[in-house]
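**Q** Okay, structure incoming, though there's no sequence with it:
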């Protein structure tokens, strides 16, 4: 799914603006899909479609900020570039706090918009890669037995096998076997890699 | 004077004739030819008459006298002696009579008496008497002459009475008229001046002698706001047609040719048979200057409120402008990219150019609307449809309503008659009312924010526009307060919006008012008088 071509989604209630943005980005070789309202976009929203969203701030009914919130509630949104007829400081702060990548004011040079779109698409790409990678790591983590998971946690906390064995009430040799199994299941080629995976999984190290 | 008049007619009734040569009923006291019985009767009658006359004379403070010309001796009542300051037993002859008079009046009185004797006519005169204590008293005397068949004057008789008070009042009145701060002039029916007060000399720069005889149209040259001068005699003709008692504004022309604004009023003076009119003139230069200044201030105020309104609208205007600008820029840059291709798609470029032209026109319209709204100037007069005004404003406010999250419902009556006035001013009123409506709903949940704008034909040939919001409503108390200048409920408001709106609507012969709705929110309505029969 990551291999799909990124799409620039444009949501603006003004037909002439929609058409012009679509043309300008299209001329730069980008794939553009336009929507006249936030509702229209939400109806055809596909979380798996890569790309970014160019969103008009002021629209009748469902505003740009409303759409941003609705997408966040659905658990994730493409990177959002806000376009506003006039820069309202409060709106821009709110938009950025909620994770917008850009807040641009109309009229905007195509170069700047294209740059913003490229950055946003790049970010989306990375987000999706990271997301997929994390999903893979989580999948590997899921294959660990409870005992292996315990060893995983203790090991990345920097404990020696002897210490782990004492804590879990077993012998050092058994721990060694578990540890090798963990390295194998997590596909870590070194202890350093295992620690990195633990970080990605958000495992906290209880220092004693 | 009423009493005196009664007494005089009373005297006439009992044979006391003032007029000329007709033989009198009252016979000379010295006559002895009459029979005894008759004499007795006539003596009785005479005593009765004399008593009546004495009583009446005393009541009227009349001095009755009779002058035996041959013997040059006056018989005169005590009342009369007191009037002239004579001693009670003093013998009075014509010289003594003349000497009691004010030196300036003696000659004229003497001549008048002579003339009466020559013509056997009535004597009627007002003159001053200098009393022994040097006080001056005004006396009026009316009398008649009785002649012998030979034509020789036998005697004169008459009455004198004190008119000092009246004379003083007359003088006082003359002084009052003279010192009036307004110009006054008496006119003959042909419009020529016969009498003026001092103010007229000051206002018009003519001397009193020059003014008398001048046609009034030389001074009141033309009506204000009308370019035609008034034709000679035209002023009074206008007046008799309209019986103008109310003041009318006109242009005054001074002797040196300079002009000034004045207000005059005319009144016919009923006392005179020859149809005299009194014209009163007020120099209104200062008032006109104040009016101009007020007008200027009103325009300034309207401008200020427009500018305030604009700054409130600026976000919306930026949006309205930036939309087409955005489209133009994107389109143009897209076109440049297309043209950079080896085989440019010219059809695509043509489409783009058409869109650019359209968006540019749209931006131009926004700017034009803005400039019109901000323009400082006098009221324009044009015919238009109120629905267009409503539509234009709502279009301009489109993004404001969006930003405020306000829903809009428009119910415009079809086939509205044309109205006459200043479109832009009415747009400003609409703008104010809709913006106020939006602001009244800031504390209302977004889903409930709604403005309804309606136009409809009202009963009295006017068109009513209503802006109905769903907000907090008008604070308790008099809704009229909203229209007072500098009354505001907004932190940044100047409080001029509604005050100016009301002035604008009044200038369109309409009414602007506010009221709370039965449910929630308030309605602001205004009417504008339609042009009769002017459907659009």
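**A** Received it, and whenever you're ready, just let me know what you need. What you see is a predicted model, and the numbers here were worked out from it, not measured in a lab.
**Q** Now do the SS call for the residue nearest to residue B:164 when sequence neighbours are not counted.
**A** Leaving aside its chain neighbours, residue B:164 sits nearest to residue B:138 (4.5 Å; criterion: Cβ to Cβ, 6 or more residues apart in numbering or on different chains). From N, CA and C alone the C-beta is placed, and that goes for glycine too. Following DSSP: H, G, I helix; E, B strand; the rest coil, the label given to residue B:138 is strand.
**Q** any weak-confidence spans in the stretch 151-300 of chain B?
**A** Across the stretch 151-300 of chain B, the ranges flagged by pLDDT under 70 are B:225-228, B:232-233, B:237-246, B:270-275, B:298-299.
**Q** if we go to 50?
**A** Across the stretch 151-300 of chain B, residues meeting the criterion (pLDDT under 50) sit at B:241-242.
**Q** hmm, what's the outermost residue in chain B?
**A** residue B:342 (83.7 Å; Cα atoms, centre = their mean).
**Q** measure that one to residue B:220 for me?
**A** Using Cβ to Cβ, to the nearest Å, we find residue B:342 at a distance of 87 Å from residue B:220.
**Q** so what's residue A:134 up against?
**A** Residues near residue A:134 by Cβ atoms under 8 Å, 6 or more residues apart in numbering or on different chains: A:200, A:201.
**Q** at 10 Å instead, please
**A** Neighbour list for residue A:134: A:197, A:200, A:201, A:202 [criterion: Cβ atoms under 10 Å, 6 or more residues apart in numbering or on different chains].
**Q** Just the buried residues of these.
**A** Neighbour counting by 16 or more other Cβ atoms under 10 Å in any protein chain shown classes residue A:197 among the contacts of residue A:134 as buried.
**Q** What is the nearest of the contacts of residue A:134 to residue A:64?
**A** Lowest distance from residue A:64 to the contacts of residue A:134 (Cβ to Cβ) belongs to residue A:202, with 31.7 Å.
**Q** got the phi/psi numbers for that closest one?
**A** Recorded main-chain torsions at residue A:202 are phi 80, psi 20, according to degrees, to the nearest 10.
**Q** Check the gap between it and chain B for me.
**A** 38 Å (Cβ to the nearest Cβ, to the nearest Å).
**Q** if I read this right, residue A:84 contacts residue A:55, doesn't it?
**A** Yes: the pair residue A:84 / residue A:55 is scored as a contact, 9.5 Å apart, by Cβ atoms under 10 Å.
**Q** So which of these two has more stuff around it?
**A** residue A:55 (27 against 22; other Cβ atoms under 10 Å in any protein chain shown).
**Q** which neighbours do residue A:84 and residue A:55 share?
**A** A:64, A:95.
**Q** tell me the SS of the nearest residue to residue B:58 once chain neighbours are set aside?
**A** In space, and not counting its chain neighbours, residue B:58 is closest to residue B:79: 5.9 Å by Cβ to Cβ, 6+ apart. Per three-state DSSP, the secondary structure class of residue B:79 is helix.
**Q** Please apply the same query to residue B:67.
**A** strand.
**Q** Any buried residues in stretch B:508-523, and which?
**A** B:508, B:510, B:511, B:512, B:514, B:521, B:522, B:523.
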